[in-house]
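**Student:** Next comes the sequence, and after it the predicted model I'd like to discuss.
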Amino acid sequence: MMDLIIPDKTHDEERQGEALMLDAVAGKNNGRKLYIESYGCAMNFSDSEIVASILQESGFETTKDYNNADVVFINTCSIRENAEQRVRNRLKEFTVAKVKNPGMIVGVLGCMAERLKSKFLEEEKLVDVVVGPDAYRDLPNLIDTADGGQKAVNVLLSREETYADINPVRLNTNGINAFVSIMRGCDNMCSFCVVPFTRGRERSRDPQSIVKECTDLFNQGYREVTLLGQNVDSYKWTPLPTLPPNGGEGSEQGTNQSLPLGEVGGVSFANLLEMVALISPELRVRFSTSHPKDILDDVLYTIAKYDNICNCIHLPVQSGNSRVLEMMNRTYDRAWYMERVDAIRRIIPDCAISTDIIAGFCSETEEEHQDTLSMMDYVQYDFAYMFTYSERPGTLAAKRYADDIPETIKSRRLKEVIAKQQHYSHIRLQKQIGKVQKVLIEGFSKKSDKDYCGRSDKNAMVVFPVDDRFKPGQYVNILVDRCTTATLIGNIVAP
Ligand code: SAM
Ligand code: SF4
């Protein structure tokens, strides 16, 4: 299976397997070292920050070298078979360290842990601890059990857990961009997808804790937050029932009074976006992922209303053909998707749109594949994540449909999809030449410390010469004068 990632930050290929580090906290050290590395989507990296926070409270320090660690955790992804294979290969590499240091505890966290449960312990003998995405509060106990020589498993899924009260420690951060989880799980049951089984039912996090976390980040100097969820447009938080006038001392009566309750009878995603945008015009707000069936005009009008909500929408299409979409159980068809794209173009002219595409889903014909290509011509996506279909055990598609498109055909269709996307990505960048982009400086460019890099509102990477008057975390206007296949290049101009 072959993936091509056109860079975006919600699934950053360069961060796969990254070891996460946090600062030691005075007085809390238990003398033990944690090594934690993460795979998959931004949600997993965000979860690792929650895990780090929980273990920091128990006195752990982090290390970047698993050979020196007392506890080695790998936060896993199950979305495609090659993601799981990558984790298994990595576990093999930990075997040597464990032979040298038999007291070392190896734990598997996240989606693969949830999918395989205790079977993991049989399949991978070196693993001591298996923990699903809703059980991270239990980690200190599970580590204690493993210290006592027993294997420990907690893969219970929850209908309530949002870790709202846990202040994630920001790991490997540039101090400028942060991911903030606003919901967990997914109720959609797309037939190809393992997420509803590994991350459980959808639940939204209390909006006040989200606004507080974003405000704290802003006060610490962060200038961009990305609100994360599998399906952010179905975010909905319903207020606690209001207690009667004499509703008890110390009650939570009034907790919700300051919330702008939308038409949904609670806080909708559009309401939440507005609440976060209002923290400061200097705080950029992004979000991911939007499901085409749920992105309604109220969200689009909110984006249009606030300059600091980025004009950039990730709207996975998966296929451009209505029969395939129905088999995928996506609950929209080609016409619906095109109408949503038209609405975006009407309400937010020049909005960047990105997508996910699966090539070679069960029974996809050549004509149906052509429909995906013609959808790409229609939308002209700014960038895309593109995959061949990978059958996942236990999903609806695995139960109902034969994975009957030969790998050679899947790969050829994927190549065609990639070629088309590269064409449109380049055209999109070329259109910016001669225009001024507002860029948030993120740091030095990878190639030279004589250049800064940062992102435009539309999430394009922009490189320009360092100017001592400006520092990372500040906004500058850049006149774009040329581009490579993935980057805009220009110079600072007066505001
Ligand atoms: N919730 C998001 C949505 O609905 O668009 C997507 C989340 S999923 C983690 C990211 C992407 O992985 C999907 O949009 C899909 O393109 C891809 N994906 C998921 N399951 C897959 C499978 N079995 N084979 C190939 N690609 C898959
Ligand atoms: Fe998976 Fe569909 Fe949920 Fe996205 S919306 S996480 S693709 S089930």
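**Tutor:** Looks like it arrived, so ask away. Ligands and ions are numbered 1, 2, ... in the order given.

**Student:** wait, what's in contact with residue 181?
**Tutor:** 43, 46, 47, 162, 163, 205, 228, 229 (Cβ atoms under 8 Å, 6 or more residues apart in numbering). For the C-beta atoms, the positions are set from N, CA and C on the backbone; glycine is no exception.

**Student:** Now do the first one against residue 180, distance only.
**Tutor:** Pointing back at residue 43 there. 11 Å (Cβ to Cβ, to the nearest Å).

**Student:** So for those two, which residue has more residues nearby?
**Tutor:** Shown here are residue 43 and residue 180; by other Cβ atoms under 10 Å, residue 43 has more neighbours (25 against 22).

**Student:** so which strand or helix has that one?
**Tutor:** helix 42-57 (DSSP states H and E).

**Student:** for the helix or strand following that helix, packing partners?
**Tutor:** Once the chain leaves helix 42-57, the next helix or strand it forms, by DSSP H and E, is strand 61-62. In terms of contacts (3 or more Cβ pairs under 8 Å, 6 or more residues apart in numbering; DSSP states H and E), strand 61-62 is packed against strand 33-38.

**Student:** The strand it packs on relative to helix 42-57, how many degrees between them?
**Tutor:** Counting by axes from the mean of the first three to the mean of the last three Cα atoms, to 10 degrees, strand 33-38 lies at 170 degrees to helix 42-57.

**Student:** Contacts for strand 33-38 next, please.
**Tutor:** 15-20, 44-45, 47-48, 51-52, 55, 60-66, 68-75, 90, 110.

**Student:** Give me the buried subset of those.
**Tutor:** Neighbour counting by 16 or more other Cβ atoms under 10 Å classes 15-16, 18-20, 44-45, 47-48, 51-52, 55, 60-63, 66, 69-75, 110 among the contacts of strand 33-38 as buried.

**Student:** Residue 329: what's it in contact with?
**Tutor:** 188, 189, 190, 191, 396.

**Student:** Now rank those residues by neighbours and give me the top one.
**Tutor:** residue 190 leads the contacts of residue 329 on contacts (other Cβ under 10 Å) with 21 neighbours.

**Student:** give me the element the closest residue to ligand 1 within the stretch 351-495 of the chain is part of.
**Tutor:** Closest approach between the stretch 351-495 of the chain and ligand 1, counting by Cβ to the nearest ligand atom: residue 356, at 3.3 Å. For residue 356, the host element (DSSP H and E) is strand 352-359.

**Student:** Can you report how many residues neighbour residue 394?
**Tutor:** Residues lying near residue 394 (other Cβ under 10 Å) number 11.

**Student:** Identify the residue spatially nearest to it, adjacent ones excluded.
**Tutor:** In space, and not counting its chain neighbours, residue 394 is closest to residue 197: 5.8 Å by Cβ to Cβ, 6 or more residues apart in numbering.

**Student:** isn't the one you found right next to residue 396, touching?
**Tutor:** No - with contact defined as Cβ atoms under 8 Å, residue 197 does not count as touching residue 396 (10.1 Å).

**Student:** How about the longest helix anywhere in the chain and ligand 1, touching?
**Tutor:** When the chain is parsed with DSSP state H, its longest helix is helix 407-430. No - Helix 407-430 lies out of reach of ligand 1 by Cβ under 6 Å from any ligand atom, never closer than 9.8 Å.

**Student:** That helix vs strand 352-359, what angle?
**Tutor:** Using the same axes, to 10 degrees: helix 407-430 against strand 352-359 is 170 degrees.

**Student:** Check which helices and strands the very next helix or strand once past helix 407-430 sits against.
**Tutor:** Using DSSP H and E, the helix or strand that follows helix 407-430 in sequence is strand 436-444. Applying 3+ Cβ pairs under 8 Å, 6+ apart, we find strand 436-444 packed against strand 451-456, strand 461-465, strand 475-483, strand 487-493.

**Student:** Neighbouring strands - and their directions - for the first one?
**Tutor:** Based on DSSP bridges, the pairing partners of strand 451-456 within the sheet are strand 436-444 (antiparallel), strand 461-465 (antiparallel).

**Student:** any chance of those in CSV, plus mean pLDDT?
**Tutor:** Converted to CSV, these look like this (pLDDT from 0 to 100):
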stretch, mean pLDDT
strand 436-444, 96
strand 461-465, 97
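
**Student:** Which of the ones you listed has the highest mean neighbour count?
**Tutor:** strand 461-465 (a mean of 21; mean count of other Cβ atoms under 10 Å).

**Student:** what does it rub up against?
**Tutor:** 7, 437, 439, 445, 447, 450-456, 476, 478, 480, 486-492.

**Student:** and the residues you listed, which are buried?
**Tutor:** Looks like the contacts of strand 461-465 have 437, 439, 445, 452-456, 476, 478, 480, 487-490, 492 buried, using 16+ other Cβ under 10 Å.

**Student:** Specify which member of those residues is nearest to ligand 2.
**Tutor:** Once Cβ to the nearest ligand atom is applied, the member of those that ends up nearest ligand 2 is residue 455, at 24.2 Å.

**Student:** can I assume that closest one is in contact with residue 441?
**Tutor:** No - look at residue 455 against residue 441 with Cβ under 8 Å: they stay out of range, at 9.4 Å.

**Student:** hmm, back to that, just how off-centre is the longest helix of the chain within its chain?
**Tutor:** 23 Å (Cα atoms, centre = their mean, to the nearest Å).

**Student:** which helices and strands sit right next to it?
**Tutor:** Partner elements for helix 407-430 (3+ Cβ pairs under 8 Å, 6+ apart): strand 352-359, helix 366-379, strand 383-388, strand 475-483.

**Student:** looking at those, which is closest to residue 467?
**Tutor:** Smallest distance to residue 467 across the helices and strands packed on helix 407-430 (Cβ to Cβ): 7.7 Å, for strand 475-483.

**Student:** what's the angle between that closest one and helix 407-430?
**Tutor:** Strand 475-483 runs at 120 degrees relative to helix 407-430, counting by the same axes, to 10 degrees.

**Student:** Listing partners with orientation, what would you give for strand 475-483?
**Tutor:** If you go by DSSP bridges, strand 475-483 pairs up with strand 436-444 (antiparallel), strand 487-493 (antiparallel).

**Student:** right, and these - which one's nearest residue 389?
**Tutor:** Across these, closest to residue 389 is strand 487-493 (Cβ to Cβ), at 30.7 Å.

**Student:** What strand or helix carries residue 115?
**Tutor:** helix 111-116.

**Student:** Which residue comes closest to the residue in the stretch 201-350 of the chain that ligand 1 sits nearest to once chain neighbours are left out?
**Tutor:** For the stretch 201-350 of the chain, the residue closest to ligand 1 is residue 316, as judged by Cβ to the nearest ligand atom, at 3.3 Å. Leaving aside its chain neighbours, residue 316 sits nearest to residue 356 (3.6 Å; criterion: Cβ to Cβ, 6+ apart).
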